[in-house]
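Colleague: Just need the structure, nothing else, for what follows:
(one chain, ligands or ions: 1)
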Amino acid sequence: FYMDTHPKKEVVKKKNLITVGFAQVGAESDWRTANSISIKKTFSESKGYDLLFEDARQMQDNQIKSIRKFIQQDVDYIVLAPVIEEGFETVLEEASRAKIPVIVIDRKVSVPDNNLYTTWIGSDFYLQGKKACECLNKYIIQKGMKDVNIVNIQGTLGSTSQIGRSNALNEACDKYGWNLVAQEPGDYTQAKSKEVMKNILKKTKDIDFVYCENDNEAFGAIEAIKEAGLSVGENGGIKIISFDATKGGLKRTLSGEILFDVECNPLQGPEVENVIKMLEEGKTPNKEYYVKEQVFVHDSILTDVLVDGNKYDLLTVTDDYIS
Ligand code: AHR
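Modeller: Down below sits the predicted model:
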């Protein structure tokens, strides 16, 4: 059956190089660009790799096609940064039948059999969301705020990062009695988020916080708020919470346009290489690897925050972080 649907091409492999096919989500955000650079830098020819890079332009169908192409090309390893969690089962079964190890990075895949991929490397997105919400709660208490109105600009619906970050906010709204006045996807892009924020502001301007699920969404929301004649930040402005802690995000945290920015670490290339090296040596890597992350705040507005009883130190952004 497999041979019928996927006849193998004659592939001329570059001698002595390990071939890695990378199915990337797209180039929707600054975080994603940093993630692609990390993979490209790690899997260079000078280090013994032949990297085949495919950009899915945020469309799962494109990723499925890329994986099938990698199978035909008989790559040694497939690295998949999935757009969404669901819908990869069939193509991962095909990779498994072709005996090509699949390393999933960033977002997760939801498949009934976890043996369909070798390892996953990425962030605890739900924990990121909880950190943001506990920071928010502490800030609200510190300021004595009542009747808090929050807008949530969500990431790509169905992606692990969106699910984790939105769930954490939904739970915190229930727990702390915050009003979620609008919740819409901005697809992790600046342009869509600006549009979404613009439309929300036509319906209500009574907004205390905008919980953006990445920095580019925050940039778009800030633009829309300013164009509507409102301000952002402390001193009466709409306060922005963001994720990623990219250079642009930290710049705006330093200036006070973003109140706090929860880090999402994009530097996953070396982690993927470690796993490939283990596999090359016949070792079995762990099923999951979580990358380390921090929270950055504006001007020491918060010092430490407890999440499920664990204390998190918060870093105040200074010029050093963005130079
Ligand atoms: O899945 C990680 C998220 O995807 C990052 O927060 C975002 O910037 C990216 O597009």
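Colleague: ok, which stretches of this structure are helices?
Modeller: In the chain, helices defined by DSSP state H lie at 2-5, 30-42, 60-72, 89-97, 125-143, 160-176, 190-203, 215-227, 247-255, 269-280, 319-322, listed in chain order.
Colleague: Can you tell me which of the ones you listed is most buried?
Modeller: helix 215-227 (a mean of 24; mean count of other Cβ atoms under 10 Å). Where C-beta positions appear, they are placed from N, C-alpha and C, glycine not excepted.
Colleague: could you dump that one to PDB, C-alpha only?
Modeller: The C-alpha atoms that make up helix 215-227 are tabulated as PDB, following Å, rounded to 0.1, in the frame of the first residue of the first chain:
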ATOM      1  CA  ASP A 215       4.500  40.100  20.400                       C
ATOM      2  CA  ASN A 216       3.400  40.800  16.800                       C
ATOM      3  CA  GLU A 217      -0.200  40.700  17.900                       C
ATOM      4  CA  ALA A 218       0.800  43.200  20.600                       C
ATOM      5  CA  PHE A 219       2.400  45.500  18.000                       C
ATOM      6  CA  GLY A 220      -0.800  45.400  15.900                       C
ATOM      7  CA  ALA A 221      -3.000  46.000  18.900                       C
ATOM      8  CA  ILE A 222      -0.900  49.000  20.000                       C
ATOM      9  CA  GLU A 223      -1.100  50.500  16.600                       C
ATOM     10  CA  ALA A 224      -4.900  50.200  16.500                       C
ATOM     11  CA  ILE A 225      -5.300  51.600  20.000                       C
ATOM     12  CA  LYS A 226      -3.100  54.600  19.100                       C
ATOM     13  CA  GLU A 227      -5.000  55.200  15.800                       C
END
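Colleague: now for that helix, which elements pack on it?
Modeller: Packing contacts for helix 215-227, counted by 3 or more Cβ pairs under 8 Å, 6 or more residues apart in numbering; DSSP states H and E, involve helix 30-42, strand 149-154, helix 190-203, strand 209-212, strand 239-244, helix 247-255, strand 258-263.
Colleague: what comes into contact with that helix?
Modeller: 28-31, 153, 155, 186, 188-198, 201, 210, 212, 231-232, 237-238, 240, 242-246, 248-249, 252, 257-258, 261 (Cβ atoms under 8 Å, 6 or more residues apart in numbering).
Colleague: The residues you listed: which ones sit near the ligand?
Modeller: Near the ligand, taking Cβ under 6 Å from any ligand atom as the test, the members of the contacts of helix 215-227 found are 28, 29, 31, 188, 243, 244.
Colleague: Next, the contact list for the second one, please.
Modeller: Listed by Cβ under 8 Å, 6+ apart, the contact set of residue 29 reads 188, 189, 214, 215, 216, 244, 246.
Colleague: now do 7 Å
Modeller: Remark: with contacts taken as Cβ atoms under 7 Å, 6 or more residues apart in numbering, residue 29 is in contact with 188, 189, 214, 216.
Colleague: do the same with the first one
Modeller: When the contact criterion is Cβ under 7 Å, 6+ apart, the partners of residue 28 are 58, 187, 188, 189.
Colleague: out of the residues you listed, which is most surrounded?
Modeller: Of all those, the highest neighbour tally under other Cβ atoms under 10 Å goes to residue 188, namely 29 neighbours.
Colleague: Hmm, that one is touching residue 156, no?
Modeller: Yes - at 5.7 Å, residue 188 and residue 156 qualify as touching, with contact defined as Cβ atoms under 7 Å.
Colleague: Measure how buried the closest residue to the ligand within the stretch 201-323 of the chain is and give me the count.
Modeller: Residue nearest to the ligand within the stretch 201-323 of the chain (Cβ to the nearest ligand atom): residue 214, separated by 3.5 Å. Residues lying near residue 214 (other Cβ under 10 Å) number 33.
Colleague: wait, doesn't it sit right on residue 245?
Modeller: No - under the criterion of Cβ under 7 Å, residue 214 makes no contact with residue 245, lying 10.1 Å away.
Colleague: List, one by one, the residues from the stretch 51-200 of the chain near the ligand.
Modeller: Residues of the stretch 51-200 of the chain found near the ligand (Cβ under 6 Å from any ligand atom) are 106, 107, 159, 161, 188.
Colleague: On the pLDDT front, check the last one for me.
Modeller: So the one you mean is residue 188. Confidence per residue is given as pLDDT, and for residue 188 that number is 98.
Colleague: swap in residue 213?
Modeller: Predicted confidence (pLDDT) for residue 213: 98.
Colleague: Which residues of the stretch 201-323 of the chain lie near the ligand?
Modeller: Where the stretch 201-323 of the chain comes near the ligand, counting by Cβ under 6 Å from any ligand atom, the residues are 214, 243, 244, 264.
Colleague: From residue 121, how far off is residue 285?
Modeller: Summarising the geometry, the distance separating residue 285 from residue 121, computed by Cβ to Cβ, to the nearest Å, is 9 Å.
Colleague: can you list residues touching both of these two?
Modeller: residue 275.
Colleague: Pick out whichever of the two has more residues nearby.
Modeller: Between residue 285 and residue 121, counted using other Cβ under 10 Å, residue 121 has the larger neighbour count: 22 against 17.
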